[in-house]
Structures are given as structure tokens and as C-alpha cells.
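J.: Build the 3D model from these lines:
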Amino acid sequence: MTSPSTTFPGRVQAWWMVAIFCIAGFVSYVDRMILSVLVEPLQRDLGIGDAQTSLLQGAAFAIVYVFAGLPLGILADRKTRRNLLILGSIVWTAGTLLCGLAPTFWMLFAARILVGIGEAALAPAAASMISDSFPAHLRGTALGVFMMGMVVGGPGSVGIGGSLLSAAQNGAFKGFPFLANLADWRIVLVLVGLAGFVIPILSLTVREPARQERESEATIAAVISHVRGERILIPSLLVGIALLSVGDYGLYSWVPSTLTRKFGWSPDKIGGYFSLITTLTGIAGAVLGGALSDAAAKRFGEPARYKVAAGAAFIGAIAAAFVAGPRPEHVLIGLGLWTLASSFGAIGGIAALQHAMPNEMRGISMSFVAFCNTLLGLGLGPTIVASVTEFGFKRPDAVGLAIALVVVPASILSVCLFSISRRAVTTKVQTRH
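T.: Alright, predicted model coming up:
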């Protein structure tokens, strides 16, 4: 058992750590999403179709990410978190590099598994270290800055990957002996993978903070016991966050198709507006969402965090309805408002979860978030929208309406679950007093 500590690292040291983790989050999401801009040349080179490509983008990464996250969360709560993060970053960047060198589909599949395993270490280790480096009234803000990197990394992968692919296709790397013999899409993955090795190097400058408010070692039995004891608070909070992820994956996967099929927009026009809107609103949502959550908790008590998350989810429902509008401006407004609201809600929910879990379980709590978000968000969001479009409306141009019909109810249910968890934590606080 570790004795409780109330000494936090110096403010400069703590924010330097958050900055490094923000960069790591950006790089991880670029590596995660980079294949989306390499589909056509990758398919031609390997001779594969959409089904196999979807396995590389989804299953190869998501399945191992989900199930590796749980044991890695336990390790983050029991071992040196900085070392775990360094090892994870080496694994995922090496995996990205190997993706560019893989000679066959199955070798590429195996390399994507490595990316998933490595990235699964980031969120549990980083969130736990951040929680131990800031007092409760600043944790939401710090977590928001960390997650800003992930929010920007997704759209950033489109810009970075597209620019590097265009440069490779124009012969920009012919003067490099090693790169000159590689296909254009492979050059992109090799360069992104090599650049990613800056993360373990920068992570060496981060100090492992002392664990705060720690009462015991985390074990599977202890985690199960705690979740059972909080069987209303924890599950409702996790599913509430995950339902926002359903909207994230649903909108981000199908809004481009909405603009193409319904309004005839070209891919370059869509890419420009999509990247700009999601980047700006994502940054604002991540930073301001964490700060608002902290301010609300400081003034009105911890249950106020849940009100912030519920309010954001309600705004998200309104945003999703805009996507079904009759003009492209409505779709873009809905996309931006959703990104802002979803970031607010997710950060508020995660900050509340970090406070609701004992210190020795904060790493595994982020693994729970990743598990639920990946299963519900990635597993259901894009697929349900596609099914409603294809089998419900039977009209490809109805995809915007399908998004609204899926995401609006998911957002309203998220509001209900955040409200349920707020009542549970309010009762818990009142019982203590």
C-alpha cells in the first residue's frame, strides 16, 4: 500500500507533461487514421478490395485495441506509467513503419495490430499521470488539453497524409535512396512512422508523478468490486460517453457522403471545409469543455460536471438534426456544433469518471472508456447509419436523414444517462455528509 500524497509536481513540469501527451495523442490518431487517404493506391498495389481494406482500417486495429486496453489499464495503475507509455509509443510507431514495408495484406494486417496494441497504452497511462499531477479543480482542463491532440489528429491525418501522398506522387522523394524504391503510399507510412519516434524521445523528459489518494493496489477483483458498488454511477457514465462516440463515428464517416450525394460537392471542397470546421471546433470543445467542467465543479460541487456533460449531449442532439437540413450550410453547422458539443460532453464525462474512480483505478477507467467507445462508437455508429440509408430509405441521398435518425436518439439517451449518473453521485455525496 502506498501512503497518500498531497504534493503535486511543479506547474511548469505538469503542463510540460500535458503538452507532450497532447502531441502523443495527435501522432497516435494520425497513425490510426492515415490509411483513409491511402485506400486507392494501397488497393491497387496489394490487389485487395473494400472488404479487406475495411479490415485494415477497423478490425485489425479496433479489436486488439479494445482487448489490449484492459490489461494495459491495470498495468498503468500498478507499474511505472511513463515507461509503459514509452514502450507503447515505440510499438505503435514501429507498427506504422512496418505498415509501409509490409509486402502482403496479412503482413499489413499484423502491423496494424501492433499499432493497436501500442496505442492502447497511451490513454490509461497519460490520464492517470495527469490526474496525479493536478488538483481536482484543474484535472478537467488538463485532460481536455491532452485530448485536444486526439481531436485534431483525426482530421490532421487527412491533411498530412494527403500532402505527403501528393508529394510522393510528384517525385519529391526520388532523391532518397531508401524511399525511392517504395510505392507512394508506402513512403507516406514510412515517413509518418519515422516521425512518430519523436514521442518516446520526448517522453523521456517527463517525470513519473507520485500517486495521489492511493489506498491499495489495483486488481481485477478490486475493480469488479468497485464497479459493482457503483453499479448505477459508473455504467451510466461510461455508456453516456460511448453514445456520444456513436455520433462521432456516425457523423465523421457519413457527412462527406451527405455533401457529395445530396449537394454534389467535390472531394477537395469537402476536405477543406471538413478539416477546418472539425479542427477549430474540436480544439475549442476540448479546451473549453475541460475548463467549464472544472469551473462548474469548483463552484457548484462535483455533480455539476454531469450537468455540463448532459447539457452538451442535448446540444449534440440539436446539431445532429441540422445534418438532415435542406442546404449544405445546415450540414456544416451541424458538423461544427456536434464536434463542439461532443468534445464538451466527452471531456466533462471523462473528468467526472476520473473523480469517481479511486486513484489506483484511474488507468483502467480510461481503458473502460476506450472499450465502450470502440465497441459502441466504431462498432455501431457507421454501420447503423449505413443500414438505415440502404435498407430503410433505400436512397443513397437520404444519408443525412439517416444520420439524424441514429444520432439524435443516441444523444438524448446520453443526456438521460448523464442525468442518472448525476443523481447517483449526488446521493453519494449527501450520504457522506
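J.: so where's the protein uncertain?
T.: Where the chain drops to pLDDT under 70, the residues are 1-6, 50-51, 54, 58, 213-221, 267-268, 429-433.
J.: The residue most central in space within it: what's it in contact with?
T.: Compute the mean C-alpha point of the chain, and by Cα atoms, centre = their mean the closest residue is M150, 5.6 Å away. The contact partners of M150, by Cβ atoms under 8 Å, 6 or more residues apart in numbering, come to 25-26, 28-29. All C-beta spots, glycine's among them, are computed from the backbone N, C-alpha and C.
J.: 7 Å instead?
T.: By Cβ atoms under 7 Å, 6 or more residues apart in numbering, the contact set of M150 is 25, 29.
J.: Run the chain-centre distance for the helix or strand containing it.
T.: Here M150, judged by DSSP states H and E, is contained in helix 136-169. Using Cα atoms, centre = their mean, to the nearest Å, we find the averaged C-alpha position of helix 136-169 to lie 10 Å away from the chain's own average C-alpha position.
J.: now swap in stretch 162-176 and tell me
T.: Taking the mean of its C-alpha atoms, stretch 162-176 sits 29 Å from the chain's own mean (Cα atoms, centre = their mean).
J.: What is the end-to-end distance of it?
T.: 20 Å (Cα to Cα, to the nearest Å).
J.: got the contact list for that stretch?
T.: In contact with stretch 162-176 (Cβ under 7 Å, 6+ apart) are residues 37-38, 179-180, 184-185, 187-188, 191.
J.: Drop anything exposed from those.
T.: When neighbours are counted using 16 or more other Cβ atoms under 10 Å, those contain these buried positions: 37-38, 179, 184-185, 187-188, 191.
J.: Which two among those are spaced furthest apart?
T.: Distances among the buried ones among the contacts of stretch 162-176 were taken as Cβ to Cβ; the most separated pair is V37 and L179, at 18.0 Å.
J.: Can you name the residues that contact P41?
T.: Neighbour list for P41: 183-185 [criterion: Cβ under 7 Å, 6+ apart].
J.: For P9, state which of the residues you listed is nearest.
T.: When the contacts of P41 are compared for distance to P9, the smallest value, 42.2 Å, is given by W185; criterion: Cβ to Cβ.
J.: right, and that closest one touches L42 too?
T.: Yes - assessed by Cβ atoms under 7 Å, W185 is found in contact with L42 at 5.0 Å.
J.: picking that back up, how near is the residue nearest to the centre of the chain to M107?
T.: Computed as Cβ to Cβ, to the nearest Å, the M150 to M107 distance reads 27 Å.
J.: before we move on, what about H226?
T.: Taken as Cβ to Cβ, the span from H226 to M107 is 41 Å.
J.: Neighbour count: those two, which is higher?
T.: H226 (18 against 14; other Cβ atoms under 10 Å).
J.: Next up, the contacts around L97.
T.: Applying Cβ under 7 Å, 6+ apart, one finds that L97 lies in contact with 190, 193-194.
J.: Give me the secondary structure label for it.
T.: Using DSSP: H, G, I helix; E, B strand; the rest coil, the structure places L97 in helix.
J.: repeat for R231
T.: Assignment for R231 (three-state DSSP): coil.
J.: Going forward, count from 244.
T.: That works, and once the first residue is 244, the last one we named lands at R474.
J.: For it, grab the count of nearby residues.
T.: A total of 10 residues lie near R474 under the criterion other Cβ under 10 Å.
J.: just G418 next, same as before
T.: Taking other Cβ under 10 Å as the neighbour definition, G418 ends up with a count of 8.
J.: which SS class is it?
T.: Going by three-state DSSP: G418 is coil.
J.: ok, back up a step: quick one: which of the contacts of stretch 405-419 is nearest T296?
T.: When the contacts of stretch 405-419 are ranked by distance to T296 (Cβ to Cβ), L281 comes first, at 9.5 Å.
J.: Secondary structure element holding the nearest residue to the closest one once chain neighbours are set aside?
T.: Nearest residue to L281, sequence neighbours excluded (Cβ to Cβ, 6 or more residues apart in numbering): W428, at 4.3 Å. Taking DSSP H and E as the definition, W428 sits inside helix 427-439.
J.: between that helix and helix 379-412, what angle do the directions make?
T.: Angle of helix 427-439 versus helix 379-412, following axes from the mean of the first three to the mean of the last three Cα atoms, to 10 degrees, is 140 degrees.
J.: neighbouring contacts of helix 427-439?
T.: Counting by Cβ under 7 Å, 6+ apart, residues outside helix 427-439 touching it are 270, 273-274, 277, 281, 284-285, 288, 336, 339-340, 342-344, 404, 407-408, 411-412, 416, 422, 425.
J.: Can you turn the buried part of the residues you listed into a PyMOL selection?
T.: Here is the PyMOL command that selects only those of these that count as buried (16+ other Cβ under 10 Å):
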select buried, resi 270+273+274+277+281+284+285+336+339+340+342+343+404+407+408+411+416+422+425
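J.: Turn the contacts of stretch 405-419 into CSV, columns for distance to L357.
T.: Conversion of the contacts of stretch 405-419 to CSV gives the following (distance: Cβ to Cβ, whole Å):
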residue, distance to L357
V280, 20
L281, 17
L422, 21
A423, 26
D427, 23
W428, 18
I430, 20
V431, 18
L434, 18
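J.: Please identify which pair of those lies farthest apart.
T.: Largest separation among those by Cβ to Cβ: V280 and A423, giving 21.6 Å.
J.: what ranges do the helices span in the stretch 394-543 of the chain?
T.: Under the criterion DSSP state H, counting those that start in this stretch, helices of the stretch 394-543 of the chain are mapped to 420-423, 427-439, 441-446, 463-472, 476-506, 510-543.
J.: For the fourth one, which outside residues touch it?
T.: In this case it means helix 463-472. Helix 463-472 is contacted by residues 317, 459, 477, 601, 604, 607 when judged by Cβ under 7 Å, 6+ apart.
J.: redo that, cut-off 6 Å
T.: With contacts defined as Cβ atoms under 6 Å, 6 or more residues apart in numbering, helix 463-472 is touched by 477, 604, 607.
J.: List the buried residues for that helix?
T.: Burial within helix 463-472, assessed by neighbour count using 16+ other Cβ under 10 Å, is assigned to 465-466, 469-470.
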